[in-house]
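Engineer: Next comes the sequence, and after it the predicted model I'd like to discuss.
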Amino acid sequence: MAVAALVAALYMAGPEFLEVLEAKTLDLRFRLRGVRSPGDHVAIVAIDDKSIAALGRWPWSRSKMAELLLKLREDGAKVVAYDVIFSEKEAGLSASQIEAFSGAVKDDEEASRFIAGSLSGDYAFRDALNQVGQNAVLPLVLKVPVTGQDRTLAGEVPSFVESKNIMVLKGDEAAYEYIVANAADAPLEEFSENTSLGHIYAYLDRDGAMRWDALAIKYGDGYYPSLGLTAARVYLGIPPEGMSLDFGEDIKLGNVVVPTDEHGRMLINYCGPAGTFKYYSFIDVLEGRCPEGAFKDKVVLVGANALGIYDLRVTPFSANTPGVEKHANVIENILSGNFMHRRESYKPLTLLGIFVIALALGIAIPRLGPFSGAGLAFVLVGACWLGCYYALVTEGVWLDLFTPMLTIIMVHLAVTSYRFLAESHKARSIKKIFSSYLTPKMVDQLSKNPDLAKLGGERKEMTVMFSDVRGFTTFSENHEPEEVVARLNEYMGEMTHIIFEFDGTVDKFVGDAIMAFWGAPLPQEDQAERAIECSVQMVRRLRELQAKWAAEGKFVLDMGVGINSGGMVVGNMGAEGKKMDYTVIGDSVNLGARVEGLTKNYDTHIIITEFTYDKIMARAAGGNGMKENVSFRKLDSVKVKGKERPVTIYSVDA
């Protein structure tokens, strides 16, 4: 939940890197979807390298634009939209000079037009635009100040531009933040009077890619449509007053509803990479080399794709798409109804997903192994991909993908890291607790598998051994303390070493007694055999020590060993935080201590109970005999404290 809260806070803050990464996932979804048909609504006439080679360097005389416009009109083009700026006059004769030349042949209208067109491209283009009227769409260059720049309106909005804004506004304008321009480069007034206008402002995401079209931008007191939106309106036969802007919701073209986000932008549903739309060369149109009817009932966009003169744009499909294709995609989206959606109202859904995913993983991963947990995270990432991809392809909805994926990855890493640290801490604790009880080999096994040791206590079938030094009281009373401690340490060091050799757990040293057990913390099927073989080796080593002490003229110590098997409670016992011991308790433990005391009575070194003996015999019958060559001799049936019936005891002879 802490990770989820962190990711959610990051998501709501909307840092640049998060927006860019999310946008990149959209680009990848587009590419996975592949190219879709652009339909037959839009065609592009390209100012290409072929045309420049034929007509000379760019820019050409606007008489060529006029000629193209009339050619397209003759072929049945429904709308002609220019992605070429006409904000300055072309060099040529003045209007009065042109009229003087034309007056010489005033009775011949065709000759007058030819003279005018030859002497001034602007005159010819204006004449062609007047013939096409509102079905010609010219670009309006709106200038949007960037952060830190002066946003004050630079001069008045020209009257011929002001009349081209969106006339019908609905909703609460103050509640939404639309893009605002403070200046514009408009087409020449003589071109704009009878034509339609659409802005060509390029809205770029933070990574420089163009994924949105600002359908409506505020300039002065009005909102102005984009070139693509205007072209679609004209194509649909909707008059300017038939277009309405509903703030924060949509733009309506008659019965066609174009969805926008809270900033008046439309998410562009790109058909494919550069070249997806049908291109025709400018020179081929002029010279009549295009099929008849190629432009009939189409929106024809005129723009550049020649090297060095076109505006290069980054789209989800390509890093070098001509800007004219952005307008083509916008027009196609509107005319075909292939819209995409991404709104602020989707954010609660993403936030809910973050917490649901985090909770599910937080519950599941601790109950799974490391590989299963990683597999679950991988499956969830794949499910997010498929779900978001399906929403995009079938419903046209851009759902956030990167943030849920980030949640999955971070929760998995956090829980896995926590588990690793917890296991490491547990392993260190186990090692610290058992390092004085067990051999390094067994401690390492416990460190790798800490769960094998239940420190809280459990009942297990185990074998316990008690060994005690005979005559130690007399020895300690008659010798100096330093000699007593040195001798005892020598003896116990040798005995402990043997216990460790047989993987026994040294429980404690009580004076001159040693308590050890088998069967915990690691399970040992051969625990009884290990205990007996260990005691035999202890006796043999004691004999070697006795010979050494006798040769040195020292007091010779002896010992007795008692062994019993049965159910015992094992675990960490004591005062938590102060003094804890990993030990065993129970009636079977007490019996082992009592039979050790009988060794002096029966003049033997090792006594085992019938319970240990039965274990040895049962395993021997199953083919699991002892490694040491030992024999058992029945001694007696004795009544011991705590037992209602006598217990049979056996001597072990090595």
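Structural biologist: In hand now; what should we look at? Source: prediction; values computed, not measured.
Engineer: Please count neighbours and contacts with C-alpha atoms only from this point.
Structural biologist: Will do.
Engineer: What residue spans form the domains of this protein?
Structural biologist: Using automatic domain parsing, the domain ranges for the chain come out as 1-36+344-434, 40-96+133-336, 439-653.
Engineer: Tell me which of these sits most buried.
Structural biologist: domain 40-96+133-336 (a mean of 19; mean count of other C-alpha atoms under 10 Å).
Engineer: how far does it sit from the chain's center?
Structural biologist: Centroid separation for domain 40-96+133-336 versus its chain: 39 Å, with C-alpha atoms, centre = their mean, to the nearest Å.
Engineer: for stretch 24-35, same thing?
Structural biologist: 17 Å.
Engineer: do the same with stretch 601-616
Structural biologist: 65 Å.
Engineer: what's the answer for stretch 459-474, then?
Structural biologist: In terms of C-alpha atoms, centre = their mean, the centre of stretch 459-474 is found 59 Å from the chain centre.
Engineer: All further residue positions should be reported with the first residue as 41.
Structural biologist: Yep, numbering from 41; the last one is stretch 499-514 now.
Engineer: Need the contact partners of that stretch.
Structural biologist: 552-560, 567-568, 571, 597-610, 629, 632-633, 636, 652 (C-alpha atoms under 8 Å, 6 or more residues apart in numbering).
Engineer: May I have the residues that are in contact with the closest residue to residue 212 other than its chain neighbours?
Structural biologist: Among residues not flanking residue 212 along the chain, residue 287 sits closest, at 6.4 Å (C-alpha to C-alpha, 6 or more residues apart in numbering). The contact partners of residue 287, by C-alpha under 8 Å, 6+ apart, come to 209, 210, 211, 212, 213, 216, 302, 304.
Engineer: now with 10 Å?
Structural biologist: The contact partners of residue 287, taken as C-alpha atoms under 10 Å, 6 or more residues apart in numbering, are 209-218, 256, 300-304.
Engineer: if you look at these, which of them are in strands?
Structural biologist: 209, 210, 256 (DSSP state E).
Engineer: What is the nearest of the residues you listed to residue 419?
Structural biologist: Closest approach to residue 419 among the ones in strands among the contacts of residue 287 (C-alpha to C-alpha): residue 256, at 41.9 Å.
Engineer: and the closest one, what does it touch?
Structural biologist: For residue 256, the contact set (C-alpha under 10 Å, 6+ apart) comprises 205-206, 218-220, 238-239, 262-266, 269, 285, 287, 291, 300, 303-306.
Engineer: ok so, going back, same list, the domains of the chain, but as JSON lines with mean pLDDT please.
Structural biologist: Shown next, in JSON lines, are the domains of the chain (pLDDT from 0 to 100):
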{"stretch": "domain 41-76+384-474", "mean pLDDT": "87"}
{"stretch": "domain 80-136+173-376", "mean pLDDT": "92"}
{"stretch": "domain 479-693", "mean pLDDT": "86"}
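Engineer: related to what we said a few turns ago, helices - which of the contacts of residue 256 land there?
Structural biologist: residue 269 (DSSP state H).
Engineer: in what helix or strand does residue 76 lie?
Structural biologist: According to DSSP states H and E, residue 76 maps onto no helix or strand at all.
Engineer: And for the one 4 residues further on?
Structural biologist: No secondary structure element spans residue 80, as it lies outside all helices and strands (assigned by DSSP H and E).
Engineer: and the gap between it and residue 175?
Structural biologist: 18 Å (C-alpha to C-alpha, to the nearest Å).
Engineer: Quick one: the helices in the stretch 41-190 of the chain, in order.
Structural biologist: Counting by DSSP state H, counting those that start in this stretch, the stretch 41-190 of the chain has helices at residues 42-53, 56-73, 89-95, 102-114, 135-143, 149-159, 161-172.
Engineer: swap in the stretch 491-640 of the chain?
Structural biologist: 512-517, 521-541, 567-591, 627-637.
Engineer: Which neighbouring elements make contact with the last one?
Structural biologist: The elements that helix 627-637 packs onto, with contact taken as 3 or more C-alpha pairs under 10 Å, 6 or more residues apart in numbering; DSSP states H and E, are strand 498-510, strand 553-558, strand 598-615, strand 646-649, strand 687-693.
Engineer: Pipe those strands into a markdown table and attach distance to residue 92 per row.
Structural biologist: Shown next, in a markdown table, are those (distance: least, C-alpha to C-alpha, whole Å):
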| stretch | distance to residue 92 |
| --- | --- |
| strand 498-510 | 91 |
| strand 553-558 | 95 |
| strand 598-615 | 91 |
| strand 646-649 | 109 |
| strand 687-693 | 111 |
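Engineer: out of these, nearest to residue 459?
Structural biologist: Closest of those to residue 459 is strand 598-615, at 23.0 Å (criterion: C-alpha to C-alpha).
Engineer: just how off-centre is that closest one within its chain?
Structural biologist: 53 Å.
Engineer: do the same with stretch 533-544
Structural biologist: Offset of stretch 533-544 from its chain centre (C-alpha atoms, centre = their mean): 53 Å.
Engineer: re earlier: kindly present the helices of the stretch 491-640 of the chain as CSV, with separate columns for distance to residue 375.
Structural biologist: Shown next, in CSV, are these (distance: least, C-alpha to C-alpha, whole Å):
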stretch, distance to residue 375
helix 512-517, 106
helix 521-541, 86
helix 567-591, 84
helix 627-637, 90
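Engineer: I'd like the ones in strands among the contacts of residue 287 as JSON lines, with distance to residue 513 appended.
Structural biologist: Shown next, in JSON lines, are these (distance: C-alpha to C-alpha, whole Å):
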{"residue": "209", "distance to residue 513": "108"}
{"residue": "210", "distance to residue 513": "106"}
{"residue": "256", "distance to residue 513": "104"}
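Engineer: Could you pull out the strands in the stretch 291-440 of the chain for me?
Structural biologist: Along the stretch 291-440 of the chain, counting by DSSP state E, counting those that start in this stretch, strands occupy 296-299, 305-307, 319-321, 339-344, 352-353, 361-362.
Engineer: What strands line up against the first one, and which way round?
Structural biologist: Its sheet considered, strand 296-299 pairs with strand 290-293 (antiparallel) by DSSP bridges.
Engineer: How about the second one?
Structural biologist: In the sheet, strand 305-307 lines up against strand 252-254 (antiparallel) (DSSP bridges).
Engineer: Could you do the third one as well?
Structural biologist: Each strand pairing with strand 319-321, determined using DSSP bridges, is listed with its direction: strand 82-87 (parallel).
Engineer: got it, and the longest one?
Structural biologist: Here the strand partners of strand 339-344, with direction, are listed using DSSP bridges: strand 82-87 (parallel), strand 119-122 (parallel).
Engineer: what's the angle from it to helix 102-114?
Structural biologist: 160 degrees (axes from the mean of the first three to the mean of the last three C-alpha atoms, to 10 degrees).
Engineer: separation between residue 197 and residue 126?
Structural biologist: Taken as C-alpha to C-alpha, the span from residue 197 to residue 126 is 17 Å.
Engineer: mind checking which of the strands of the stretch 291-440 of the chain is nearest residue 524?
Structural biologist: strand 305-307 (91.5 Å).
Engineer: can you list contacts of that closest one?
Structural biologist: Contacts for strand 305-307 (C-alpha under 10 Å, 6+ apart): 218-219, 243, 250-257, 288-291, 298-301, 370, 373-374, 379-383, 436-438.
Engineer: Return the backbone torsion pair for residue 678.
Structural biologist: phi -120, psi 150 (degrees, to the nearest 10).
Engineer: OK, contacts around it?
Structural biologist: Residue 678 touches 635, 638, 685, 686, 687, 688, 689, counting by C-alpha under 10 Å, 6+ apart.
Engineer: Okay, and the beta partners of the residue nearest to the first one when sequence neighbours are not counted?
Structural biologist: So that's residue 635. Distance criterion C-alpha to C-alpha, 6+ apart; nearest residue to residue 635, sequence neighbours excluded, is residue 602 at 5.2 Å. Residue 602 has these beta-bridge partners by DSSP bridges: residue 506, residue 647.
Engineer: my guess is residue 602 contacts residue 638, does it?
Structural biologist: Yes - contact criterion C-alpha atoms under 10 Å: residue 602 and residue 638 qualify, at 8.2 Å.
Engineer: so what sits against both of the two?
Structural biologist: Contact with both residue 602 and residue 638 is made by residues 645, 646, 647, 689, according to C-alpha under 10 Å, 6+ apart.
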